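>>> Quick check, what structure comes out for this input:
(one chain, ligands or ions: 2)
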Amino acid sequence: MKVLVVGGGGREHALAWKIGQSSRVTQVFVAPGNAGTALEAEHKIENIDIGDADVPRLLEFAKQNAIGLAVVGPEGPLAAGIVDAFSAAGVRTFGPSGHAAELEASKVFCKNLLRHADVPSAEFRTFGDAASAAEHLAAREDVPVVVKADGLAAGKGVIVCNNRSEALEAVQRIAKDREFGEAGNRLIIEERLVGQEASVLAITDGQTIVTMPAAQDHKPAHDGDKGPNTGGMGAYSPAPLVTDEIMRAVEEKVLVPTVHQMKRSRRPFRGVLYAGLMITKQGLKVLEYNVRFGDPECQPLMMRLQSDLVDVLEATTTGQLDEVETMHWDPRPAVCVVMASEGYPGSYKKGHAIRGLEQAGQLPDVKVFHAGTALRDGQATTNGGRVLGVTALGESISTAKLQAYTAVKCIRWDGAWCRKDISDKALS
Ligand code: AMP
Ligand code: GLY
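Ligands and ions are numbered 1, 2, ... in the order given. From the prediction side, this is the model:
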């Protein structure tokens, strides 16, 4: 079978690498891919020069090349309805429909669904303009809140505020200055929760739910969770914070009611349901849903997955997930350290040659997943803010961490940097 992976980040490199290991797969195309997927010929991987938002050309490619399964990585094309278009044309595609992807694409939709499904989440109010939001803030007690733009904003439309004046400024940025464009047509003001965060990703066909081991992301740019938010500077799995008891609660109180409520809302959910959770003193709460694999959470998860991913993805598209053998995981933890460009998450330069990739890749239990990279005359160069996801397995989280950072030390380019404390929260 030929598989098409849509996207070009670290998540898509990890997915294509895992999919290429399936004995059922003859070829994996990645659109548009990166230097990492370009260099995976031995895993039957090949890049094609079509952007992940160009649905008509992607569909034409899929039909012409008899693609047996398409797997969509990023939220943009999912929200734009790529799965609907592919499915209507008879191309089997893994991911939620455009309507179901609203769960991530509209925070207002998500919060209302959580409320109806009785899933624990922060108290919230929705506003359609800056004036009514400001009125609300002025009328209530001066407590810490979080102000969120409704729509997709590449993870940047969430502003955590310490007091009323910060909240008013956040409202101004989202609803008046339109810093996140149309994503700010509506906004949410919600209670600010305190606790530790974890990500639980599950695969569901709308009936059966298969939960993956918990992971933990590191969103702030700098060590000790300081600095501006990023797309994620590293991740590890499993996350000891999520005990078996918490995992059962996530399944019973979060995932099952959400999948049921989506069905009742006539938006049956198929694909990856990614719950961003906060474990508070008052118990488990959902911060948000994503409708896709997390990036970088996907990298440590794929490193640990021992089952054939294609069987699971395909069964999800046909509603037969209950017939697939449960997923097997390497008991060893995996740690992924993101190496980034100087300036990220602000502006940064592209085109620096990356050295030491081969040396790093030769270390045992290490896989260097590429994210923002491009191949120029056979040389891998930087092409984005998050450049690499250096991932390692180890007998314990601390040995996996050590091995990941040993690999990081082999790699260099002008201005390369990373957080030095990925996975430390698991060790404290
Ligand atoms: P989201 O994109 O909704 O996951 O938000 C991004 C980050 O903002 C989360 O990972 C949290 O660190 C923080 N956040 C979001 N909602 C809340 C909340 N209600 N209370 C505290 N922190 C939050
Ligand atoms: N790592 C967070 C995300 O994928 O949204």
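>>> Need the mean per-residue confidence for stretch 386-395.
Average pLDDT, stretch 386-395: 98.
>>> who's in contact with the spatially most central residue of the chain?
Centrality entry for the chain: nearest residue to the mean C-alpha point is Gly294, 1.8 Å, by Cα atoms, centre = their mean. Neighbour list for Gly294: Arg11, Ser199, Leu201, Ala215, Asp217, Gly232, Ala235, Tyr274 [criterion: Cβ atoms under 8 Å, 6 or more residues apart in numbering]. (Each C-beta comes from the backbone N, C-alpha and C, glycine too.)
>>> Look up how far ligand 1 lies from the third one.
Between Leu201 and ligand 1 the distance is 14 Å, computed by Cβ to the nearest ligand atom, to the nearest Å.
>>> show me the contacts for that residue.
Thr211, Met212, Ala215, Val272, Leu273, Tyr274, Ala275, Phe293, Gly294, Glu297, Leu301.
>>> Of the residues you listed, which ones also sit close to ligand 2?
Subset of these in contact with ligand 2: Gly294, Glu297, counting by Cβ under 6 Å from any ligand atom.
>>> Relative to Ala89, which of the contacts of Leu201 is nearest.
Distance to Ala89, by Cβ to Cβ, is smallest for Val272 among the contacts of Leu201, at 22.3 Å.
>>> Touching, that closest one and Ile203? I think so.
Yes. Here Val272 lies in contact with Ile203, judged by Cβ atoms under 8 Å, at a distance of 5.8 Å.
>>> Just the ones of the contacts of Leu201 in strands?
Among the contacts of Leu201, the ones falling in strands (DSSP state E) are Thr211, Val272, Leu273, Tyr274, Ala275.
>>> so how many other residues sit close to Ala38?
Ala38 has 20 neighbours, counted by other Cβ atoms under 10 Å.
>>> for His260, same thing?
Around His260 there are 13 residues (other Cβ under 10 Å).
>>> The helix or strand harbouring it - contacts with which helices or strands?
Assigned by DSSP states H and E, His260 belongs to helix 256-264. If you count contacts as 3 or more Cβ pairs under 8 Å, 6 or more residues apart in numbering; DSSP states H and E, helix 256-264 packs onto helix 107-117, strand 271-280.
>>> Could you say which of the ones you listed is packed most deeply?
Most buried of the helices and strands packed on helix 256-264 by mean neighbour count (mean count of other Cβ atoms under 10 Å) is strand 271-280; its value is a mean of 22.
>>> ok and the residue in the stretch 201-350 of the chain nearest ligand 1?
As assessed by Cβ to the nearest ligand atom, ligand 1 sits closest to Glu288 within the stretch 201-350 of the chain, at 3.4 Å.
>>> quick one: that residue from Ser22, how far?
31 Å (Cβ to Cβ, to the nearest Å).
>>> can you check Met262 too?
Where Ser22 is concerned, Met262 sits at a distance of 29 Å (Cβ to Cβ).
>>> who's more crowded, those two?
Met262 (24 against 19).
>>> mind listing what's buried in stretch 88-98?
Val91, Arg92, Thr93, Phe94, Gly95, Pro96, Ser97, Gly98 (16 or more other Cβ atoms under 10 Å).
>>> okay but the last one is in contact with Ala79, surely?
Yes. Look at Gly98 against Ala79 with Cβ under 8 Å: they come within range, at 6.3 Å.
>>> How about stretch 238-257 and ligand 2, touching?
No. Contact of stretch 238-257 with ligand 2 (Cβ under 6 Å from any ligand atom) is absent, the minimum separation being 13.0 Å.
>>> what comes up buried for that stretch?
238-239, 241-242, 246-247, 249-250, 253-257.
>>> Sitting in helices, which of these do you find?
Ile246, Met247, Ala249, Val256, Pro257 (DSSP state H).
>>> sorry, back to before: can you list the helices and strands packed on helix 256-264 in JSON lines and add mean pLDDT and distance to Asn34?
Output for the helices and strands packed on helix 256-264, formatted as JSON lines (pLDDT from 0 to 100; distance: least, Cβ to Cβ, whole Å):
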{"stretch": "helix 107-117", "mean pLDDT": "97", "distance to Asn34": "29"}
{"stretch": "strand 271-280", "mean pLDDT": "97", "distance to Asn34": "21"}
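>>> Now render these as JSON lines, adding distance to ligand 1.
Listed next are the helices and strands packed on helix 256-264 as JSON lines, based on distance: least, Cβ to the nearest ligand atom, whole Å:
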{"stretch": "helix 107-117", "distance to ligand 1": "7"}
{"stretch": "strand 271-280", "distance to ligand 1": "4"}
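>>> Flag every residue of the stretch 251-400 of the chain that's near ligand 1.
Gly276, Leu287, Glu288.
>>> is it fair to say the second one lies in a helix?
No. The assignment for Leu287 by DSSP: H, G, I helix; E, B strand; the rest coil gives strand, which leaves it out of any helix.
>>> That one contacts Met278, doesn't it?
Yes. The criterion here is Cβ under 8 Å, and Leu287 meets it with Met278 at 5.4 Å.
>>> Flag every residue of the stretch 101-250 of the chain that's near ligand 2.
So the stretch 101-250 of the chain meets ligand 2 at Gly155, Asp217, Gly232 (Cβ under 6 Å from any ligand atom).
>>> show me the contacts for the closest residue to the first one other than its chain neighbours.
The reference is to Gly155. Computed as Cβ to Cβ, 6 or more residues apart in numbering, the closest residue to Gly155 that is not its neighbour in sequence is Gly231, at 5.6 Å. By Cβ under 8 Å, 6+ apart, the residues touching Gly231 are Ala154, Gly155, Lys219, Asp295, Pro345, Gly385, Arg386.
>>> for the nearest residue to Ala183 once chain neighbours are set aside, helix, strand, or coil?
Nearest residue to Ala183, sequence neighbours excluded (Cβ to Cβ, 6+ apart): Gly151, at 3.2 Å. Secondary structure for Gly151, judged by three-state DSSP, is coil.
>>> Count the neighbours of Gly151 for me.
20.
>>> Same check on Leu402?
Neighbour number of Leu402 under other Cβ under 10 Å is 14.
>>> All the strands of the stretch 51-200 of the chain, in order from the start?
Using DSSP state E, counting those that start in this stretch, the strands of the stretch 51-200 of the chain run over 67-72, 93-94, 124-127, 145-149, 158-161, 187-191, 196-204.
>>> Make a markdown table from those and add mean pLDDT to it.
Formatted as a markdown table, the strands of the stretch 51-200 of the chain follow (pLDDT from 0 to 100):
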| stretch | mean pLDDT |
| --- | --- |
| strand 67-72 | 98 |
| strand 93-94 | 98 |
| strand 124-127 | 96 |
| strand 145-149 | 95 |
| strand 158-161 | 92 |
| strand 187-191 | 96 |
| strand 196-204 | 97 |
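>>> Need the ones you listed in TSV (columns: distance to Glu314).
Formatted as TSV, those follow (distance: least, Cβ to Cβ, whole Å):
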stretch	distance to Glu314
strand 67-72	6
strand 93-94	8
strand 124-127	37
strand 145-149	35
strand 158-161	34
strand 187-191	36
strand 196-204	11
